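K.L.:
Here you go, sequence then predicted model.
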Amino acid sequence: MQYFDEKERSLLEEGNAGAHPPLNDPLGGDTLDRRAALRFNPEGEDPPVRTWYNGQQAWYIPQERHPLAKVLSQVALPKWWNFSPHGPPPKIPYWRHDWRRDYEDDHTWGYKPPVKVETLGLEEVQLASTADGVPLGTIGSVDLQALRALLEPSHFGRGADTIYDESVRKGLEVKASKMNVVRWNGSREPSPPSSDDEDLCRYNLCSHNPYYPGSYNLYYPGSRNPYYQGSHNPYYPGNLHRRHHDPPARPKPQTVPPNPFTGLAKNVQKRLFPGRPVTLRFYKLALYESGGHFEFHRDSTHADSHHGTLLVACGVKDSQTYYDGGHLILSADGAEDVFELGPGDAVAFYTDVQHAVSPVTRGTRITLQFDIFLEDCTEPEDEDGDTVEAAEGPNTVASIRIPTPIVPTACVTCHPEDTLYGCEYDSPSVADPYYEMEKEKRMTYETKTDHPKHIWFNSSAPAKPAPTLAVTDIMNDFVRKVTTVLRYGSAIPLAPGGTVVFLLSHIYRRMSIRPSYLKGADVALYHALTSSGELKVYMNAVAYQRYNWYNPDEDARYAPMIEVTQPFAPPFTLENPPVFAEPVLVLDRGGEADMLENDEIQLGNDGCGEVWRYSAGAMFVSLAQED
Ligand SMILES: O=C(O)CCC(=O)C(=O)O
Ligand SMILES: [Fe+2]
């Protein structure tokens, strides 16, 4: 989508790029002249000043026409995170609008050798039916035969309706009420060893020992304390052969091995919800066989605190080959990623990210879907301070607290985005082999892949990547300019002052529009805007409309504009609307709200009542103290 021609664009860019801000134009661009050049209001036709819902006048200025909107459209952060224990995912050729045709005709995706399952430690996790406890295999090796008894056709949601329509979604599923994800080989807390044999096996290097130090199931008591890695620690792997001769350094080994979902939950927290408690709950298993697929949709939310989806791909028992097709496609802000998920691969994304599963052309594709809640369901800490096990709900597989903020110095180079929040992950307080191993894998993976270290311009601007480093700068620039507009607004024609309103880059259920549930760029902006103490920020769900404003001076083309027509409760209501002392400046912005408006049909993975549906939200920014 392009608003105006290249000549006009370059004029605008020249006007703003690198120019020293004139004294009377603290926005930094030649906005006074620019306003005249853009002829916002030729001969009084369709003025950009619109009437606000409470009768006040507001300026509605299209994206890219206001320096502030331009800056805002560049504040974007990744909306998903992926981890593959097998290394970088392969690059996949992909044409979104032709995907049906491509997959029907194209057999060139090729044979993939059987995938060896390892490293995340998830492959050992057992699956079982809830009714009778019948084992269904493990994540690494699902027992398809046993699973078949539980499978039922998948539905999807259109508005409040639950629909079965194979042209949109063809697949099978098992709900969490019918099956469990059982951690640690079938028992939540292994009972203490009852015999010497069992004891031996537990700490010996038996391949069927769930605590065998392969992958993330690595566990040995005292390992968090470097002292116990010495030769007198009988449980340290190098000393295992000595355990019958040396008395244990500690009276009783701990019996709870690490939860393989904890590492995932930590990454989800770090990547998508920094500074928030995170709980993962199993939601359902999805199975697609040849011809199975799911059109683009957004996952429905199941609580106000539900803000993400984690997918973990499974392997199929006795299957020599994997599946073909069945790619997971994620799409937001003009960026798209395609994943070929192998067993143990994990992908997490915000619930409002549109995604699809392209048709499976061969084999069976199985995934587990976990809801990500921003809740703390942890049990009280033990004396080591590291109990992070889930306490609530039969389907909860991991829950972690808010991390202790640590000043980010070590990780700025490799994770510049951490400067926003601090990074607990790269700063262990003690030498911890579990941590080191995970870090090693993470680093290897991340230095090799194209993990989104980019910000992307919104879909209505040309999609081009910029380094994440720039986010902080761009955001600070935005905050500085907003403050300037509000302080000196009356002196700047393009800045009427009073309140600056802009859409959130994510869409939310209405009750979730509050600081603790904001996502990605929204939470970053919120903190940046409020941290100076100069600004106050209200947030609210808004009815949102984009319409075409005809400007005869613009080659008779239509310029899209937005209108924030109505705020919803809470905290604003129509009966009790916010009072803005002066006209507001409403900034257009791309992002998910655009998709909400432009999509022909809004699909969810479940039917969804009105209050839980996604809506656009806006930040209302004004000076904390009027001069
Ligand atoms: O199986 C997948 O990869 C995703 C399925 C999905 O999007 C859903 O069930 O909502
Ligand atoms: Fe989905």
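P.N.:
Structure's in. What do you need? Ligands and ions are numbered 1, 2, ... in the order given.
K.L.:
you'd agree Val268 is in a strand?
P.N.:
No - membership of Val268 in a strand is not supported by DSSP: H, G, I helix; E, B strand; the rest coil, which gives helix.
K.L.:
Please give me every residue in contact with it.
P.N.:
Trp81, Val278, Leu280, Gly308, Leu310, Ala348, Ile372 (Cβ atoms under 8 Å, 6 or more residues apart in numbering). Quick note: C-beta positions are derived from backbone N, CA and C, even for glycine.
K.L.:
now do Leu72
P.N.:
The neighbourhood of Leu72, defined by Cβ under 8 Å, 6+ apart, consists of Phe478, Phe502, Leu587, Arg589.
K.L.:
Tyr164 touches Gly157, doesn't it?
P.N.:
No - distance between Tyr164 and Gly157: 11.1 Å, which falls outside the contact criterion (Cβ atoms under 8 Å).
K.L.:
Which of those two has more residues huddled nearby?
P.N.:
More neighbours sit around Gly157 than around the other of Tyr164 and Gly157, counting by other Cβ atoms under 10 Å; the figures are 20 against 11.
K.L.:
Quickly find the element holding that one.
P.N.:
When secondary structure is defined by DSSP states H and E, Gly157 falls within strand 156-158.
K.L.:
That strand and ligand 2, any residue contact?
P.N.:
No - Strand 156-158 stays clear of ligand 2 (Cβ under 5 Å from the ion), getting no nearer than 8.6 Å.
K.L.:
How about stretch 292-300?
P.N.:
Yes - using Cβ under 5 Å from the ion, stretch 292-300 reaches ligand 2 at Asp299.
K.L.:
got the contact list for that stretch?
P.N.:
Counting contacts by Cβ under 8 Å, 6+ apart, the residues outside stretch 292-300 that touch it are 154, 156-157, 168-172, 288, 309, 326, 329, 331, 351-360, 365, 602-608, 612, 614.
K.L.:
Could you list the residues of the chain in contact with ligand 1?
P.N.:
Near ligand 1, the residues belonging to the chain are Ala286, Phe294, Asp299, Leu311, Leu328, His355, Val357, Thr367, Gln369, Asn605 when assessed by Cβ under 6 Å from any ligand atom.
K.L.:
Kindly write the PyMOL command that selects the buried subset of those residues.
P.N.:
Provided next is the PyMOL selection string for whichever of the residues of the chain next to ligand 1 are buried by 16 or more other Cβ atoms under 10 Å:
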select buried, resi 286+294+299+311+328+355+357+367+369+605
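K.L.:
just the residues of the chain next to ligand 1 now: which is nearest Ile513?
P.N.:
Ranked by distance to Ile513 (Cβ to Cβ), these are led by Asp299 at 17.8 Å.
K.L.:
on that earlier part again, output the contacting helices and strands for the strand holding Gly157.
P.N.:
Secondary structure elements in contact with strand 156-158, counted by 3 or more Cβ pairs under 8 Å, 6 or more residues apart in numbering; DSSP states H and E, are strand 161-163, strand 293-297, strand 603-604.
K.L.:
JSON lines for these, including mean pLDDT and distance to Glu534?
P.N.:
Rendered in JSON lines, the data for these read as follows (pLDDT from 0 to 100; distance: least, Cβ to Cβ, whole Å):
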{"stretch": "strand 161-163", "mean pLDDT": "86", "distance to Glu534": "47"}
{"stretch": "strand 293-297", "mean pLDDT": "89", "distance to Glu534": "41"}
{"stretch": "strand 603-604", "mean pLDDT": "80", "distance to Glu534": "40"}
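K.L.:
before we move on, back to that, now flag whichever of the residues of the chain next to ligand 1 is closest to Asp473.
P.N.:
Of all the residues of the chain next to ligand 1, Asp473 sits closest to His355, with 30.4 Å by Cβ to Cβ.
K.L.:
So for that closest one, what's the pLDDT?
P.N.:
At His355, the model reports a pLDDT of 90.
K.L.:
So what does it look like in phi/psi?
P.N.:
Dihedral angles phi and psi of His355 (degrees, to the nearest 10) take the values phi -150, psi 160.
K.L.:
residues in contact with it?
P.N.:
When contacts are counted by Cβ under 8 Å, 6+ apart, His355 touches Phe296, His297, Arg298, Asp299, Leu328, Ile329, Leu330, Ser331, Phe349.
K.L.:
Quickly list what it is bridged to.
P.N.:
Taking DSSP bridges, one finds His297, Leu330 as the beta-bridge partners of His355.
K.L.:
mind checking how far the closest residue to ligand 1 within the stretch 351-500 of the chain is from Gly326?
P.N.:
Nearest residue of the stretch 351-500 of the chain to ligand 1 (Cβ to the nearest ligand atom) works out as Thr367 at 3.7 Å. Counting by Cβ to Cβ, to the nearest Å, the separation of Thr367 from Gly326 is 9 Å.
K.L.:
for Ile402, same thing?
P.N.:
Taken as Cβ to Cβ, the spacing of Ile402 relative to Gly326 amounts to 36 Å.
K.L.:
Same question for Leu151.
P.N.:
Counting by Cβ to Cβ, the gap from Leu151 to Gly326 is 16 Å.
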